[in-house]
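> this is the structure alone, sequence omitted:
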């Protein structure tokens with residue numbers, strides 16, 4: 001049986017953050033490292049540099065509400081970039 005997963009906010013000392021569903025804070029930190037291509041054993045930016053905070057239920061609801069708006073924004077921006085790249089290519093420019 002799998003352990004229940006909770007939403008963690010993982011943050012590096014440089015201020016980079018990532019929201020991760022994980023069973024523990026350590027697992028959330030490892031996922032952060034995997035996402036950004038960091039070695040977990042790296043002293044300066046690996047697990048020892050990261051903090052993971054389990055979000056409260058009301059914070060999870062607020063994050064989930066904002067997540068849909070962020071996805072919609074990302075889809076819009078990606079579409080606009082594709083339109084720009086297509087127009088640039090049609091003008092005979094190298095992409």
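Sure thing, it's come through. Note that the coordinates shown come from a computational prediction; the quantities given were computed from them, not determined experimentally. Numbers count the residues shown, from 1 in each chain.
> for residue 38, helix, strand, or coil?
Using DSSP: H, G, I helix; E, B strand; the rest coil as the criterion, the local structure at residue 38 reads coil.
> okay, now it: neighbour count?
By the criterion of other Cβ atoms under 10 Å, residue 38 has 20 neighbours. For glycine as for every other residue, the C-beta is placed from the backbone atoms N, C-alpha and C.
> what's the answer for the one 5 residues further on, then?
By other Cβ under 10 Å, the residues close to residue 43 number 9.
> same check, this time on residue 53
Residues within reach of residue 53, counting by other Cβ under 10 Å, total 13.
> now do the one 5 residues further on
Using other Cβ under 10 Å, the number of residues around residue 58 comes to 8.
> same question, residue 18
When neighbours are defined as other Cβ under 10 Å, residue 18 has 18 of them.
> isn't it right up against residue 38?
No: contact between residue 18 and residue 38 fails when scored by Cβ atoms under 8 Å: they sit 11.2 Å apart.
> which residues do those two both contact?
Common neighbours of residue 18 and residue 38, counting by Cβ atoms under 8 Å, 6 or more residues apart in numbering, are residue 32.
> contacting residues for the most centrally placed residue in the chain?
Residue closest to the average C-alpha location in the chain (Cα atoms, centre = their mean): residue 18, at 4.2 Å. Applying Cβ under 8 Å, 6+ apart, we find residue 18 in contact with 9, 10, 31, 32, 35, 36.
> now with 7 Å, please.
With contact taken as Cβ atoms under 7 Å, 6 or more residues apart in numbering, residue 18 is in contact with 10, 32, 35.
> repeat that for residue 22.
For residue 22, the set of contacting residues under the criterion of Cβ under 7 Å, 6+ apart consists of 5, 6, 8, 28, 31.
> give me the buried subset of those residues.
Buried subset of the contacts of residue 22 (neighbour count, 16 or more other Cβ atoms under 10 Å): 6, 8, 28, 31.
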